[in-house]
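Visitor: one predicted model, sequence on top.
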Amino acid sequence: MEDTFLGPVITKLIDLVAKEVTSFKGVRKQVNSLKNELEIIQPLLKHAEAKLEKGDMSDVVPVWVKQVKEEANRIEEIIDEYLYLVEAKHHHHQSRGINFFGRAGGFFKYLKQRYDIALKIQDVKESLREIKDRGQGYGFSPLLQGASSTTTNVEASDDPRLGSLFIDKDGLVGIETESEELKRKLVEGPPTRSVISLVGQGGIGKTTLAEKVYADEVLKEHFESHAWITVSQSYSLKKLLMNMRRKLCTSERCMAEMDNEEQIQDLRDVLEGKRYLIIFDDVWREDFWRVIKSALPNNNKGSRVVIATRNFVVANSCRETQCDLVHELQTWSPTSAWDLFCKKAFQYEYQGRCPEDLEQLSREIVSKCQGLPLVIATIASLLSTKEKVELEWQRMLDDLSSKSEMNSPLKSISQILSLSYYDLPSPLKSCFLYFGLFPEDYSISDGRLYRLWIAEGFINERGDRTLEEVAEEYLNELIQRNLVSFELQLGEGKICGVHDLMREVIQSRAEEVCFCRTWDGNKSRFRGAGRRLRISGSIENFLKNVGSSTVRSVFFSEIDDQLTESFLVSLFKKFKLLEVVDFECSPLNSLPKEVGNLFLLKYLSLRYTNIEILPKSIGNLHKLQSLDIRQTLIKELPVEINELRNLRHLLAYTYCHNRSSFDFVNGVKMHGGFGNLEDLQTMTLLEAHPGGVDMVKDLEKLRMLRWLDISKMTSQCWRGVCASIQNMSHLRRLCIVANDEDEVLDLQYISSPPYYLQELVLIGRLEKLPDLIPKLRNLCGLCLRFSWMIDEPCKCLKGLPNLESLQLLENAYVGHELHFENGAFEKLKELALSKLDGLKLIKLDEGALPALEKLVLADCLLLEEVPSVKDLRKIKHFEIDGRRVWN
């Protein structure tokens, strides 16, 4: 159902009729007719999108797609208006205690609204029929059954990557080391056939590296038979096999017509007695190797296969034995990027060196390329034809910053990067486009993405998996496809972002499908339509210049003016159908009670605002799924929160300025009855004291929790809290903070800890390392603070097989020595040791910490010697007292 962006709309119509049969029966026939009309248009839309994927940049295609999207938005508007009417009726009935329909005025008002909805549906149907007729007039027709941009029966279009094959390889100054290493792997090694997969994002140089190696004369002499095969997103298996036969066979037999099975056998016969090298470039499909390997005999002659792909899943699917390798290409270092730029931009003058007056602009341009060699080479080559003056360099920098697709050489880069977008399934396209809502170079946590995607309706449940688990799968797929990059942070999960040039692609595609728009009060122009709106700059003229009909999500970013109560009241009245409101980091001091009229609201973030009190009307938001009040001044939640039965995520904690003090983090108090929130998956940070025993009674009802943080723990509630934690089988993250520095964290009552626990934070005194910790086989992150442990913790922790991050902070350990043995902590990537007043020696055995990438030492005043990191093969970041000494 989700082949295009119409899929979710059709699903929404089906759900509406199914759930609202009685009250919607007056327009049920029209709704079904509307659904049928969309199902007819969807195949035409698939054809139009396929044309866009193939690079059909005529004006007709994107305009028609945009018209369909606008009508889809109108349909969702009608649905939302009806759902709002139902919720308003329900709220009125509850608040007044009388039957809404028992009053003649209310009854006739409802009839009129229902009649208005029927008229709107009729109007949309007429518009859709016109759009459908225009689409058929433009030549759009239903694709063959099963056909799409990723299937094998669609003829491949011209490859926008073609130019990259002919970039001067000798000019790519950073490629020599990698090409020599790849040649060595191809020539050396076992006699069995092996596969080397080159994987990395678009523009990183996979094709260039493979082509340089393929052209090597020594390598050609080593292999008796060799072929370069470009696969692409859309390929015909039959034509691919025929192409292989033409390049590998020398007899007339290679021209004979055969079916796929005969071609595979023919290739096996030709290659059986030879040492061969075959490079498959631009591979997209996971099942590619499963099919094509049948044509490549494993003849113990030292044959090699190279596969270039953007997708880690594809690369890993080709890895069947230990001899098969996956080589991830990294973005170029600033030094290599600069050398390449200079060699290309000044190849005809200045002896390949940048003149002083252009250096600053040149470095800014190189920075914009973010280490992608194809982008650097393309832009530098373009600049080599320009006059070497600041005006030309500034114009290029402006193009990279704002309109990369307008200039034809830069447009080719955009087309190359767009291939990855078009290869995405429809639901993932929406998730990926979401990154365009945030400012350039913005990083966002995976948890926030999941909550937003769910609120937007991008995520549907699969089997017994939760919405959050499906959202995690979506993000992991975007990461595997090298579209999203991330860093792991303890307590924050994955911190994600996209390449600046990929963000340009996102914004271009988002405009095509009316995905989002931006109001910048400091700029005079505002146009377009979309369900999502980012507001920045001045808001003085916002309300009178922006229409409200399609907007469902509002994000405030870098606001110049104070968000007054009167502005918010008008905003909530005008945009009454809002589902997502994000005020994060906005100048906001109070939230008016009118927020309770947003009956469809699913996501509300007040993070990093000066809000002190939540209005009681928050209890009207029965559809609310996520409430984020972190880093606000809110100390206590109103009891009405306990009525929000759909609430899945409650995030509420505040860090104080002095992070080294014991009470550096504060939570919120909740009234009794929060056990009603049985769908709750995130609760952070709940204050246990006062009210300990009553709090335990509610806590034990929350069996779905995946993230639980509790502060102000006292001895009177330890047994009950531990019993509750044992029953939280889904728990992934747990943080427990003692009431004060003298309170001992007594975890002995947890005899059987949650199996899936991945992160554990303990803040408070420990008489010894809890027995539960060595049992946590899935633990990835551990943070201990103010623990005052005497026994060396590494002896107990070294057996944790999946530990990636270890933080011992603020006298977590008061002994003199930490010993990291060889063979222990094999997956540890991050180690932080801070304010360990007794620590004198850090002993690293040879071969210890083989995966460590980041080491932070701070304020360990008695430390006699800083450990050497020269033997830490993967170290990237070494920091001492806030000063980076290794990069």
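Guide: That came through, no problem.

Visitor: buried set for stretch 615-633?
Guide: For stretch 615-633, burial by neighbour count (16 or more other Cβ atoms under 10 Å) applies to 615, 617-632. Quick note: C-beta positions are derived from backbone N, CA and C, even for glycine.

Visitor: just the ones of these in strands?
Guide: Judged by DSSP state E, the subset of the buried residues of stretch 615-633 located in strands is 626-628.

Visitor: can you lay out the residues you listed as a markdown table showing distance to Lys206 and pLDDT?
Guide: Compiled in a markdown table, those are given as follows (distance: Cβ to Cβ, whole Å; pLDDT from 0 to 100):
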| residue | distance to Lys206 | pLDDT |
| --- | --- | --- |
| Ser626 | 39 | 97 |
| Leu627 | 44 | 97 |
| Asp628 | 40 | 97 |
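
Visitor: can you put those in a markdown table and add distance to Lys795?
Guide: Putting these into a markdown table (distance: Cβ to Cβ, whole Å) gives the following:
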| residue | distance to Lys795 |
| --- | --- |
| Ser626 | 41 |
| Leu627 | 42 |
| Asp628 | 40 |
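
Visitor: can you tell me which of those lies nearest to Arg448?
Guide: The closest of those to Arg448 turns out to be Asp628 (Cβ to Cβ; 7.9 Å).

Visitor: assess the claim that the closest one and Leu606 are in contact.
Guide: Yes. Between Asp628 and Leu606 there is a contact under Cβ atoms under 8 Å: 6.7 Å.

Visitor: now list whatever residues contact both of those two.
Guide: Glu584 (Cβ atoms under 8 Å, 6 or more residues apart in numbering).

Visitor: state which helix of this protein is the longest.
Guide: Secondary structure assigned by DSSP state H gives helix 60-96 as the longest helix of the chain.

Visitor: so which bits of that one are buried?
Guide: Using 16+ other Cβ under 10 Å as the burial criterion, the residues of helix 60-96 that qualify are 60-62, 64-85, 87-89, 91.

Visitor: now swap in stretch 177-187 and tell me
Guide: Using 16+ other Cβ under 10 Å as the test for burial, stretch 177-187 gives 178-179, 182-183, 185-186.

Visitor: farthest pair within these?
Guide: Glu178 and Leu186 (12.6 Å).

Visitor: so which of the buried residues of stretch 177-187 comes closest to Lys593?
Guide: Using Cβ to Cβ, Glu178 is the member of the buried residues of stretch 177-187 that lies nearest Lys593, at 61.8 Å.

Visitor: strands along the stretch 351-500 of the chain, start to end?
Guide: For the stretch 351-500 of the chain, the strands defined by DSSP state E, counting those that start in this stretch cover 444-445, 485-489, 493-497.

Visitor: okay, those, which one's buried deepest?
Guide: Per residue and on average, the most neighbours among the strands of the stretch 351-500 of the chain fall to strand 493-497, with a mean of 19 (mean count of other Cβ atoms under 10 Å).

Visitor: name every strand pairing with it and say which way it goes.
Guide: strand 444-445 (antiparallel), strand 485-489 (antiparallel) (DSSP bridges).

Visitor: okay if I get those strands as CSV plus mean pLDDT?
Guide: Output for these, formatted as CSV (pLDDT from 0 to 100):
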stretch, mean pLDDT
strand 444-445, 93
strand 485-489, 82
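
Visitor: average pLDDT across stretch 498-507?
Guide: Across stretch 498-507, the average pLDDT comes to 81.
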